[in-house]
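Enquirer: One predicted model, sequence on top.
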2 protein chains.
Amino acid sequence: MFPNEFLGYAAGIITTLALLPQAIKILSTRQTRDISLVWAIAMNTGIILWLLYGLAQGDLPMIAANSFSLILLMLILALKLRYR
Amino acid sequence: MFPNEFLGYAAGIITTLALLPQAIKILSTRQTRDISLVWAIAMNTGIILWLLYGLAQGDLPMIAANSFSLILLMLILALKLRYR
């Protein structure tokens, strides 16, 4: 694997997994008051575009990272709407 | 501008600007209880790697987006540490 690609995979893994503790925190506390709804909506929108961009570029690290991130972000948005 | 590049810029602008309402929300409420510290630390780390990846690829949308995101994420992390 080229060093560049390694960077992309590492970045993707970290920024994707970063969403896990946020999702777990919401699931355990059922509290989302301090989380911005606009952030959650915009991030879902933006990550869909990053995913399309990755697909258009055929960039595997971006495709993998943004697919998984999208799942977690949709969960966080759903929880935010559920536990306003 | 190629359609791909347009996608990248649009994605970058949205996911970068998405951090603004979250930063503003914290600044106005001084509340960060529901925001995961691990998320904030991991996102800073990951975005630095995405920035390095963008530099290595010479990918302008990624470089621009992740530079600005990093500034906002460092602000959010600082606020999270300040207003635990």
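Expert: Nice, thanks for sending it over. Numbers count the residues shown, from 1 in each chain, chains lettered A, B, ... in the order given.

Enquirer: Please point out which parts of the strand or helix carrying residue A:67 sit buried.
Expert: Element membership of residue A:67 [criterion: DSSP states H and E] is helix A:60-82. Counting neighbours by 16 or more other Cβ atoms under 10 Å in any protein chain shown, one finds that the buried residues in helix A:60-82 are A:61-66, A:68-70, A:72-73, A:75-77, A:79-80. No exception for glycine: its C-beta is placed from N, CA and C like everyone else's.

Enquirer: Get me the contact residues on chain A for chain B.
Expert: With Cβ under 8 Å from any Cβ of the partner chain as the criterion, chain A comes near chain B at residues A:3-4, A:7-8, A:10-19, A:21-22, A:24-26, A:29, A:31-36, A:38-39, A:42-43, A:45-47, A:49-50, A:52-53, A:56-57, A:61.

Enquirer: Mind checking which of those land in helices?
Expert: The subset of these located in helices under the criterion DSSP state H comprises A:3-4, A:7-8, A:10-17, A:19, A:21-22, A:24-26, A:29, A:38-39, A:42-43, A:45-47, A:49-50, A:52-53, A:56-57, A:61.

Enquirer: Got a quick ChimeraX command for the buried subset of the residues you listed?
Expert: Typed into ChimeraX, the next command selects the buried ones out of those (criterion: 16+ other Cβ under 10 Å):
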select /A:7,8,10,11,12,13,14,15,16,17,19,21,22,25,26,39,42,43,45,46,47,49,50,52,53,56,57,61
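
Enquirer: Find the nearest non-adjacent residue to residue A:20, please.
Expert: Nearest residue to residue A:20, sequence neighbours excluded (Cβ to Cβ, 6 or more residues apart in numbering or on different chains): residue A:72, at 6.5 Å.

Enquirer: Relative to residue A:23, how far out is the one you found?
Expert: When Cβ to Cβ, to the nearest Å is the yardstick, residue A:72 and residue A:23 sit 6 Å from each other.

Enquirer: now do residue A:73
Expert: Residue A:73 sits 9 Å away from residue A:23, taking Cβ to Cβ as the criterion.

Enquirer: Once you drop chain neighbours, what's closest to the residue minimising distance to the centre of chain A?
Expert: Closest to where the C-alpha atoms of chain A average out (Cα atoms, centre = their mean) is residue A:69, at 2.8 Å. With sequence-adjacent residues excluded and distances taken as Cβ to Cβ, 6+ apart, residue A:69 is closest to residue A:16, at 4.7 Å.
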